[in-house]
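J.: Build the 3D model from these lines:
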Amino acid sequence: MFGKLLIVLVVATIGWALLARSSSGAGHEQRYVVKPTDTLWSIAAVRYPGDPREGVWKLERRNHLAGTTIVPGQRLVVP
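T.: A predicted model of the protein is given here:
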């Protein structure tokens with residue numbers, strides 16, 4: 001009895017793994033063109049709820065920035 005139950009569980013797990021799809025719950029990434037008065041802090045404050053420091057960190061990491069310096073016309077990916 002235990003063997004049959006184990007086989008059913010293994011088959012069910014394999015079936016679920018094959019049919020499961022990943023979710024893109026965050027949606028598509030957006031692009032943002034930096035304006036002359038923008039800073040990473042100001043962009044993060046508008047785009048991310050809560051503490052802007054986490055938003056600044058996400059922007060730096062996603063755009064491979066070495067620091068917080070950005071220039072007007074620069075295109076940023078906003079995750």
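
J.: Which neighbouring elements make contact with the helix or strand bottoming out on mean pLDDT in the chain?
T.: For the chain, using mean pLDDT, DSSP states H and E, the weakest element among its helices and strands is helix 2-19, scoring a mean of 76. Contact here means 3 or more C-beta pairs under 8 Å, 6 or more residues apart in numbering; DSSP states H and E; on that basis helix 2-19 packs against no helix or strand. (Glycine included, C-beta is placed from N, CA and C.)

J.: Need the residues that contact the helix or strand following it.
T.: Downstream of helix 2-19, the first helix or strand assigned by DSSP states H and E is strand 30-33. Strand 30-33 has contacts (C-beta atoms under 8 Å, 6 or more residues apart in numbering) with 43, 47, 73-78.

J.: if you set the cut-off to 10 Å instead, what comes out?
T.: With contact meaning C-beta atoms under 10 Å, 6 or more residues apart in numbering, strand 30-33 is reached by 38, 43, 46-47, 59, 63, 72-79.

J.: Of those residues, just the buried ones, PyMOL syntax please.
T.: A single PyMOL command is used to select the members of the contacts of strand 30-33 judged buried by 16 or more other C-beta atoms under 10 Å:
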select buried, resi 38+43+59+63+76+78
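
J.: List just the nearest of the contacts of strand 30-33 to Phe2.
T.: Proximity of the contacts of strand 30-33 to Phe2 was ranked by C-beta to C-beta; the top entry is Pro79 with 47.0 Å.

J.: low pLDDT regions in the protein?
T.: The chain contains residues with pLDDT under 70 at 15, 18-27.

J.: for Arg53, what are its contacts?
T.: Arg53 neighbours (C-beta under 10 Å, 6+ apart): 40-41, 44.

J.: Which of these ranks first by neighbour count?
T.: Counting neighbours by other C-beta atoms under 10 Å, Leu40 comes out on top of the contacts of Arg53 with 23 neighbours.

J.: I'd like the distance between that residue and Leu59.
T.: 5 Å (C-beta to C-beta, to the nearest Å).
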